[in-house]
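1. need a structure here:
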Amino acid sequence: MLIRIMASRHSAFYSPLLTCIGFLRDEGHEVPYSVLGPQQRSYALLRDREIDIMQSAVSSNWKPREQGIEPLPVHFAQINQRDGFFIAGRQPDTEFQWKKLEGKTLLADHGLQPLVMLKYAIKHNGADWKQIKVIDAGTPDKMEAAFRAGAADYVHLQGPVAAGEVIASVGAAMPPVAFSSLCCARSYQNTEGYRTFLKTYGRAREWVRTAPAEEVAAKEAPFFPGVASETLAAAVKRYQGLGCWEGGIEIPRDLYEQALSVFQSVGAIAWRHSYEEVVG
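-> Reported below is the predicted structural model:
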């Protein structure tokens, strides 16, 4: 069976999906995996049936809905219920407080959701965004290179973080939220491919949540060529400890509403979008 999967981002944060792909391939299914390109739009790829399943976020539907774009994908399963970004500094800091960012330079990921969540976490923890010198260096690879070159005091990255010392977790610094999810065209939910994927995904997510981090890292190592096994296992263990993969695969309504509240708090949406219009 062919199940075409694309990710909006590639990271150990999405270990449940990467492991699911491995399980499906082990079962003999053909599962091509790719990462969304700069000029590609996930809703168009799903609408035109160029891919079957997309790793995304419920928030990815909100701006297109405000622009009147239809049809949009349906989000059917949760990947993470916490933000998966970290703040790394140049030295370990066991007494880090968010106000320490004030007056400092921060290389921040400027993707819409990561930036919205970061702004919320900073405000939620008593710091002032306007007092931080925020730099947009582009892609995570470019951010990491800029940090290594001395461009900032801190950097904001998903795991595995190979640059600097991780000193804070955005996800741990704010409430649980519907962060990342899986979506597809509504018509795809009527297919055997969807049912096969969903069954395997539920098994994969539970395994990733409970298995030793070293075993998870070994399973998904082919997705991270050049990343040391210890670094990958450390990232998995950190995400397990944060509780990113707790709960079932359904997208809880309260976490969806919390995501809306986060976006609303920084003026990133025009109105609150109903759960039923996005999740199904």
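
2. and the longest strand for this structure?
-> What stands out as the longest strand in the chain, according to DSSP state E, is strand 74-80.

3. contacts for that strand, please.
-> With contacts defined as C-beta atoms under 8 Å, 6 or more residues apart in numbering, strand 74-80 is touched by 13-14, 16-17, 55-58, 61, 178-186, 189, 198, 201, 205, 239, 244-245, 247-252, 255, 278-280. Bear in mind the C-beta positions are built from the backbone N, C-alpha and C, glycine included.

4. restricted to strands, list these.
-> The strands, defined by DSSP E, take in 55, 56, 180, 181, 182, 183, 184 from the contacts of strand 74-80.

5. what's the burial count for the third one?
-> This points to residue 180. Applying other C-beta atoms under 10 Å, we find 29 residues neighbouring residue 180.

6. which other helices and strands does whatever helix or strand comes next after the longest strand of the chain contact?
-> Next in sequence after strand 74-80, counting helices and strands by DSSP states H and E, comes strand 85-89. When contacts are defined as 3 or more C-beta pairs under 8 Å, 6 or more residues apart in numbering; DSSP states H and E, strand 85-89 packs onto helix 112-124, strand 154-158, strand 165-169.

7. what do you get if the cut-off is 6 Å, keeping everything else the same?
-> Packing partners of strand 85-89 (3 or more C-beta pairs under 6 Å, 6 or more residues apart in numbering; DSSP states H and E): strand 154-158, strand 165-169.

8. got the angle between that strand and strand 165-169?
-> Calculated by axes from the mean of the first three to the mean of the last three C-alpha atoms, to 10 degrees, strand 85-89 forms an angle of 140 degrees with strand 165-169.

9. quick one: average confidence on strand 85-89?
-> The average pLDDT within strand 85-89 is 95.

10. hmm, who's touching it?
-> Applying C-beta atoms under 6 Å, 6 or more residues apart in numbering, the external contacts of strand 85-89 come out as 114, 154-156, 158, 161, 164-170.

11. let's have those residues in JSON lines, adding neighbour count, distance to residue 98 and pLDDT.
-> Formatted as JSON lines, the contacts of strand 85-89 follow (neighbours: other C-beta atoms under 10 Å; distance: C-beta to C-beta, whole Å; pLDDT from 0 to 100):
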{"residue": "114", "neighbour count": "22", "distance to residue 98": "16", "pLDDT": "96"}
{"residue": "154", "neighbour count": "22", "distance to residue 98": "11", "pLDDT": "97"}
{"residue": "155", "neighbour count": "27", "distance to residue 98": "15", "pLDDT": "97"}
{"residue": "156", "neighbour count": "27", "distance to residue 98": "12", "pLDDT": "97"}
{"residue": "158", "neighbour count": "21", "distance to residue 98": "19", "pLDDT": "90"}
{"residue": "161", "neighbour count": "23", "distance to residue 98": "18", "pLDDT": "80"}
{"residue": "164", "neighbour count": "22", "distance to residue 98": "17", "pLDDT": "88"}
{"residue": "165", "neighbour count": "13", "distance to residue 98": "16", "pLDDT": "93"}
{"residue": "166", "neighbour count": "20", "distance to residue 98": "15", "pLDDT": "93"}
{"residue": "167", "neighbour count": "18", "distance to residue 98": "10", "pLDDT": "95"}
{"residue": "168", "neighbour count": "22", "distance to residue 98": "7", "pLDDT": "95"}
{"residue": "169", "neighbour count": "21", "distance to residue 98": "11", "pLDDT": "95"}
{"residue": "170", "neighbour count": "26", "distance to residue 98": "10", "pLDDT": "97"}
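
12. so which of the residues you listed is the closest to residue 136?
-> Taking C-beta to C-beta as the measure, residue 136 sits nearest to residue 156 out of the contacts of strand 85-89, at 10.7 Å.

13. correct me, but residue 163 touches residue 143?
-> No. Assessed by C-beta atoms under 6 Å, residue 163 is found out of contact with residue 143, at 8.4 Å.

14. give me the more crowded residue out of the two.
-> residue 143 (23 against 17).

15. which SSE is the more buried one in?
-> Assigned by DSSP H and E, residue 143 falls in helix 140-148.

16. helices along this structure, start to end?
-> According to DSSP state H, the chain carries its helices in the segments 15-26, 42-47, 62-66, 112-124, 140-148, 192-210, 213-220, 229-242, 253-265, 275-278.
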